[in-house]
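Visitor: have a look at this prediction, sequence included:
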Amino acid sequence: MVKDRMEGTGMRWCVAGAQAMLDLRAIYCNGDWKAFQQYRITTETRRLYPYRWQVRRLYRKTA
């Protein structure tokens, strides 16, 4: 099944890309998709906005 999915017409996969796709498929099949999405949102928010929590804390003190 994995082989058929990865060898579709015109598809080219590097090892890292194929592994990422398989990891996502395993998360979905295990029923962990919602937890994974929440984890992903949290980690990306922290990465993109590292000072967000400090700004919120300062805003609450002044409001």
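Guide: Yep, it's here.
Visitor: the worst-scoring helix or strand of the chain on mean pLDDT: what's the following helix or strand?
Guide: The weakest-scoring helix or strand in the chain, judged by mean pLDDT, DSSP states H and E, is helix 2-6 (a mean of 72). Next along the chain after helix 2-6, taking DSSP states H and E as the criterion, comes helix 15-29.
Visitor: helix, strand or coil for residue 50?
Guide: Using DSSP: H, G, I helix; E, B strand; the rest coil, the three-state assignment for residue 50 comes out as coil.
Visitor: list phi and psi for it.
Guide: phi -60, psi -20 (degrees, to the nearest 10).
Visitor: so where's the protein uncertain?
Guide: Applying pLDDT under 70 to the chain flags residues 1-2, 63.
Visitor: any idea which residue sits dead centre in it?
Guide: residue 40 (4.2 Å; C-alpha atoms, centre = their mean).
Visitor: that one is in what secondary structure piece?
Guide: With DSSP H and E as the test, residue 40 turns up in helix 33-48.
Visitor: so what touches that helix?
Guide: With C-beta atoms under 8 Å, 6 or more residues apart in numbering as the test, helix 33-48 has contacts from 27, 52. Any C-beta I mention is one placed from the backbone N, CA and C, and that applies to glycine too.
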